[in-house]
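K.L.:
just the structure for this:
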Amino acid sequence: MKQEKIIIYQIFTRLFSNRNTTCKPDGTLQENGCGKMNDIDSAVLSNIRKLGVTHVWYTGIIRHATQTDYSSYGIPRQHDVVVKGKAGSPYAITDYYDVDPDLAVNVDKRMDELQDLIRRTHQAGLKAIIDFVPNHVAREYKSICKPEGIKDLGENDDPTKHFSTANNFYYCWGQPLDLSNIVSQTTNTYNEFPAKATGNDQFSNKPTPNDWYETVKLNYGIDYCDAGGRSEHFDPIPDTWNKMTDILLFWAQKGVDGFRCDMAEMVPAAFWAWATDKVKYRYPEKIFVGEVYDPNQYDRYIGAGFDYLYDKVGMYDCLRDVICGMRPAADITRQWQTTDRLRPHMLYFLENHDEQRIASSFFAGEAMKAIPAVYVSVLLYSNPFMLYAGQEFGEAGMDEEGFSGKDGRTTIFDYWCVPSLMRGYFDRRRMKKSERSLMTIYQNILNMAINEKAIREGDSFDLMYVNPQLAEQQFAFIRKADDEMILVVANFGSFDVATSVVVPSHAFTHLMIPEMETTAVDLVTKEQMKVVLRPDKPLPITIGALSARVYKFMINHK
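P.N.:
Here you go, the predicted structure:
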């Protein structure tokens, strides 16, 4: 069976297909518009598939807090004080069993429109991932769509207790919520008594603007304020475990192919082991992607059922520093070695909704500067790679949209239009030459990864230890499967470089490479090169600035 190289394409659904170019800072839905699920049609999905993508992560599908009034549809209105931005954060969930009405053409048919989107995604040869937000919910969480017989979160809580395994929330000992750090008391019309603990493990009744004050923490059986320190109470099974597992099963049976689990490490691994076991027993093909930032926790969460974890504080941070000239390229070796035991489970990326855009002045200032890092992170191993929509067009994220501010990120809080996405998927005649060129580069790299057997499933061999001449700005490695071998040399430098690469005798032995004369084809330029493959014999190579050579060899074992 052909092994798959997973390429995840993250779509921030609200923004992706919005073609209203008003872009008024802090604008309303009526002023700035909103992308719809129906706009992501078969033609759009076909172009995403052609890019080299295998999975689409639809961000912001589940209904969350917003300042837009949908009460005429029977949807409870949220207090503006506890909503960040006009559109609201997709991570402040108000109903785990509902779909964001912003995304629907017909609000009353919003679940049907999502089911149609999932069907179109599958028909395009793609798989669909959605967010599961397990650590916290919106302050005014109330499900109106939960299945019959399901108890709502907090419905049976005893708010006189700070902590109880029967409670879904934590309570602040009879104190009212104090939002005086957020808004003046004279204009605050939101009341919460007793105060619930805030989502970022803030157990005071007085959150700050830097806290996730629009959310409340869910209780998985950990007493964070125990007199003896943090203590775990998992027997009997906490009520929240069952309710959250039911939510996962609900969406699994709707046809989604996996879950990107927000702030997974803020939820105990014991719960994940319990929940993923139950989901995968019924739906063994579903995948779980965890947002985990502490490398010391990686083994625990993979052991608890996660298929893939963010490699953020590792490979992302390293590649960002190499791109920005703050570390030598040779540091990439140390980084992959750090997580080598978990290699198949590490998800590489260079952008997502939390991180700054590569082309922003806060990061590299130019999209092309990241291309060598794209070659490395996509081709180095067979583990997954994630691409954020707009990255392939050089989206800079330098708008000052409203609540988000000008921070080099594409907003997750505001109604907005992303012109590069509008051109790239809905009006390609208006694409800039630089956008078309960059998209072609990404398309070539990603399709190499999913089509070349040596990249999909081959062994990898890092060549840096015998090539010190490359240490500062180049990175070289080999991939090999059966009679196919690929040599990748990426150049992070801003100038063309003429160098040489040594393949050591150990690589010949380990990968079973015969000595021979052969022809190599550069998968980037399609140029051919006659080479003599000998252990420790330097191969002369010229590499363009901010580019790579990807030489494919056919191995003759005669």
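K.L.:
how about the helices of the stretch 151-300 of the chain, start to end?
P.N.:
Along the stretch 151-300 of the chain, the stretches classed as helices by DSSP state H, counting those that start in this stretch are 239-252, 269-282, 298-303.
K.L.:
buried ones in the first one?
P.N.:
Okay, so that is helix 239-252. Within helix 239-252, the residues that qualify as buried are 239-241, 243-248, 251-252, counting by 16 or more other CB atoms under 10 Å. Yep, even glycine has a C-beta here, placed from its N, CA and C like the rest.
K.L.:
tell me which of those is nearest to F16?
P.N.:
Of all the buried residues of helix 239-252, F16 sits closest to W251, with 20.1 Å by CB to CB.
K.L.:
if we can go back for a sec, tabulate the buried residues of helix 239-252 (TSV), appending distance to V107 and pLDDT.
P.N.:
Formatted as TSV, the buried residues of helix 239-252 follow (distance: CB to CB, whole Å; pLDDT from 0 to 100):
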residue	distance to V107	pLDDT
D239	31	97
T240	30	98
W241	32	98
K243	26	98
M244	26	98
T245	29	98
D246	25	98
I247	22	98
L248	25	98
W251	20	98
A252	25	98
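K.L.:
ok, G325 - how many residues close by?
P.N.:
By the measure other CB atoms under 10 Å, the count of residues near G325 is 14.
K.L.:
start at 78 instead
P.N.:
Done: numbering now begins at 78, and the last item shifts to G402.
K.L.:
for T98, give me phi and psi.
P.N.:
phi -90, psi 20 (degrees, to the nearest 10).
K.L.:
which SS class is the residue nearest to it when sequence neighbours are not counted?
P.N.:
Among residues not flanking T98 along the chain, C494 sits closest, at 5.2 Å (CB to CB, 6 or more residues apart in numbering). What DSSP: H, G, I helix; E, B strand; the rest coil gives for C494 is coil.
K.L.:
next up, the contacts around C494.
P.N.:
Applying CB atoms under 8 Å, 6 or more residues apart in numbering, one finds that C494 lies in contact with 92, 95-100, 109-110.
K.L.:
gap between it and D103?
P.N.:
Separation of C494 from D103 (CB to CB, to the nearest Å) stands at 14 Å.
K.L.:
picking up where we left off before, columns secondary structure and distance to V455 on top of the contacts of C494, output as JSON lines?
P.N.:
Shown next, in JSON lines, are those (DSSP: H, G, I helix; E, B strand; the rest coil; distance: CB to CB, whole Å):
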{"residue": "L92", "secondary structure": "helix", "distance to V455": "24"}
{"residue": "N95", "secondary structure": "coil", "distance to V455": "28"}
{"residue": "R96", "secondary structure": "coil", "distance to V455": "30"}
{"residue": "N97", "secondary structure": "coil", "distance to V455": "33"}
{"residue": "T98", "secondary structure": "coil", "distance to V455": "32"}
{"residue": "T99", "secondary structure": "coil", "distance to V455": "36"}
{"residue": "C100", "secondary structure": "coil", "distance to V455": "32"}
{"residue": "N109", "secondary structure": "helix", "distance to V455": "34"}
{"residue": "G110", "secondary structure": "coil", "distance to V455": "34"}
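K.L.:
now for those: which two are most distant?
P.N.:
Pairwise over the contacts of C494, using CB to CB, the maximum falls at L92 and T99, 13.5 Å.
K.L.:
same drill for the two, tell me which one is more crowded.
P.N.:
Taking neighbours as other CB under 10 Å, L92 and T99 compare with L92 leading, 27 against 13.
K.L.:
and the more buried one, how far is that from P286?
P.N.:
Counting by CB to CB - L92 and P286 are separated by 24 Å.
K.L.:
now I221
P.N.:
Taking CB to CB as the measure, I221 falls 30 Å from P286.
K.L.:
neighbour count winner among these two?
P.N.:
The neighbour comparison of I221 against P286 (other CB under 10 Å) goes to I221, with 14 against 10.
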